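Chemist: 3D model of this:
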Amino acid sequence: MKHYLLSVVQPAGGTPPDPEALAGIMWDVEAFNDELRAAGAWVFAGGLHGPETATVLRPQDGDVLVTDGPYAEGEEYLGGLCLIRAADLDEALEWGRRAALATTLPIEVRAFVDQR
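Modeler: As a prediction, this is how the structure comes out:
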């Protein structure tokens with residue numbers, strides 16, 4: 001089994017869904033996570049605070065420069081992630097498809113390097 005990262009792509013500055021719609025999305029996400037667990041594919045998942053809460057650490061001249069805010073600003077940001085185990089890319093893409101339907105957001109699927 002290989003490990004894959006499912007990244008939740010969140011629009012910046014968007015209007016959040018109304019509370020009723022958000023409750024439905026959260027229910028769908030929890031059901032998705034339950035499916036992952038039941039299939040033995042679950043490793044870890046979680047949402048992230050917005051990029052404005054980030055702190056960036058950059059090596060500079062033998063020291064580390066600390067700055068507030070995101071590393072890069074854009075129209076979208078990493079809003080959450082899910083680390084899964086899957087036999088191959090096709091299986092990981094199927095989990096990504098299910099994640100997109102549950103979250104109603106784009107999902108980026110990427111494999112980890114050098115897995116045996």
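Chemist: The spatially most central residue of the chain and residue 9, how far apart?
Modeler: What sits nearest the mean C-alpha location of the chain, by CA atoms, centre = their mean, is residue 81, with 2.1 Å. Here residue 81 is placed at a distance of 11 Å from residue 9 (CB to CB, to the nearest Å). Yep, even glycine has a C-beta here, placed from its N, CA and C like the rest.
Chemist: hmm, back to that, can you give me the pLDDT of the residue nearest to the centre of the chain?
Modeler: Per-residue confidence (pLDDT) for residue 81: 98.
Chemist: Please report the residue range of the longest helix in this protein.
Modeler: Counting by DSSP state H, the longest helix found in the chain is helix 19-39.
Chemist: Now that helix: buried residues?
Modeler: Buried residues in helix 19-39, counted by 16 or more other CB atoms under 10 Å: 28-29, 32, 36.
Chemist: which helices and strands sit right next to that helix?
Modeler: Contacts defined by 3 or more CB pairs under 8 Å, 6 or more residues apart in numbering; DSSP states H and E place helix 19-39 against strand 42-47, strand 76-86, helix 89-103.
Chemist: how much distance is there from the shortest one to the middle of the chain?
Modeler: It stands for strand 42-47. The chain centre lies 8 Å from the centre of strand 42-47; the measure is CA atoms, centre = their mean, to the nearest Å.
Chemist: Can you pull out the low-pLDDT segments for the protein?
Modeler: With pLDDT under 70 as the threshold, the chain has low-confidence stretches at 116.
Chemist: Give me the distance from stretch 26-40 to the chain's centre.
Modeler: Taking mean C-alpha positions (CA atoms, centre = their mean), stretch 26-40 and its chain are 14 Å apart.
Chemist: Pull the CA coordinates from that stretch and hand them back as PDB.
Modeler: As requested, the backbone C-alpha atoms of stretch 26-40 are provided in PDB (Å, rounded to 0.1, in the frame of the first residue of the first chain):
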ATOM      1  CA  MET A  26     -19.700  18.100   7.700                       C
ATOM      2  CA  TRP A  27     -22.000  15.100   7.900                       C
ATOM      3  CA  ASP A  28     -20.900  13.900   4.400                       C
ATOM      4  CA  VAL A  29     -17.200  14.500   5.300                       C
ATOM      5  CA  GLU A  30     -17.600  12.400   8.500                       C
ATOM      6  CA  ALA A  31     -19.300   9.700   6.600                       C
ATOM      7  CA  PHE A  32     -16.400   9.800   4.100                       C
ATOM      8  CA  ASN A  33     -13.900   9.500   6.900                       C
ATOM      9  CA  ASP A  34     -15.900   6.500   8.300                       C
ATOM     10  CA  GLU A  35     -15.700   4.800   4.900                       C
ATOM     11  CA  LEU A  36     -11.900   5.300   4.900                       C
ATOM     12  CA  ARG A  37     -11.600   3.800   8.300                       C
ATOM     13  CA  ALA A  38     -13.800   0.800   7.400                       C
ATOM     14  CA  ALA A  39     -11.700   0.200   4.300                       C
ATOM     15  CA  GLY A  40      -8.400   0.400   6.200                       C
END
